[in-house]
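> Here is my input; please provide its structure:
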Amino acid sequence: MSGRGTYYVTTPIYYVNDVPHIGHAYTTLACDVLARFMRLDGRDVHFLTGTDEHGQKVEKAAAAAGLAPQAFTDKVSQSFRDLVKVMNYSRRISSSCRRGPTGCWISTTRTRASSRRRAGATRS
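Below you'll find the model as predicted:
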């Protein structure tokens with residue numbers, strides 16, 4: 001990078017008690033636009049978002065759906081991951097992060113940005 005420093009941007013950690021809605025898409029889009037701009041400005045950008053897959057609301061939503069909490073959160077969390085593909089957010093799915101308490105799943109890292117620059121890509 002050009003020495004401009006590292007820039008961190010994160011969305012809220014989304015609860016998986018229901019499928020994503022326009023507010024989730026908008027918030028992540030706003031963060032993605034900021035991350036892309038900062039990359040164009042020469043910064044090393046780390047973009048993080050994820051889902052919080054525990055809590056009473058999630059447990060109640062799982063019970064209402066007739067599913068075990070883990071099965072319910074896996075299903076709803078997948079719909080958030082699908083939104084990433086549909087919206088074409090800049091991303092790298094990180095399986096190592098999945099072990100964390102919030103189940104984070106999107107992180108844009110130096111590796112991804114560097115490989116794009118080497119390949120001659122002009123946008124994130």
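> contacts and neighbour counts: CA atoms only from here.
Noted.
> Could I get the full set of helices for this protein?
For the chain, applying DSSP state H gives helices covering 22-40, 56-65, 69-87, 110-119.
> and the first one, what's its mean pLDDT?
Okay, so that is helix 22-40. For helix 22-40, mean pLDDT is 92.
> quick one on the thing from earlier: as a markdown table, the helices of the chain with mean neighbour count would be great.
What follows is those, written out as a markdown table (neighbours: other Cα atoms under 10 Å):
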| stretch | mean neighbour count |
| --- | --- |
| helix 22-40 | 16 |
| helix 56-65 | 15 |
| helix 69-87 | 17 |
| helix 110-119 | 13 |
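> closest one to Y15 among those helices?
Among the helices of the chain, the nearest to Y15 by Cα to Cα is helix 56-65 (7.5 Å).
> and the closest one, how far from the chain's centre?
Centroid separation between helix 56-65 and its chain, computed with Cα atoms, centre = their mean, to the nearest Å, is 23 Å.
> by contact count, what packs against that helix?
Helix 56-65 is packed against helix 69-87, with contacts defined by 3 or more Cα pairs under 8 Å, 6 or more residues apart in numbering; DSSP states H and E.
> Quick one: work out the angle between the helix it packs on and helix 56-65.
Counting by axes from the mean of the first three to the mean of the last three Cα atoms, to 10 degrees, helix 69-87 points 100 degrees away from the direction of helix 56-65.
> now helix 69-87, how far from the centre of its chain.
Centroid separation for helix 69-87 versus its chain: 11 Å, with Cα atoms, centre = their mean.
> Please apply the same query to stretch 26-34.
Centre-to-centre, stretch 26-34 and its host chain are 10 Å apart (Cα atoms, centre = their mean).
> ok, back up a step: export the helices of the chain as CSV, with columns for distance to T49.
Output for those, formatted as CSV (distance: least, Cα to Cα, whole Å):
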stretch, distance to T49
helix 22-40, 8
helix 56-65, 18
helix 69-87, 10
helix 110-119, 16
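> of the ones you listed, which approaches Y14 most closely?
Evaluated over the helices of the chain, closeness to Y14 peaks at helix 22-40, with 7.7 Å, by Cα to Cα.
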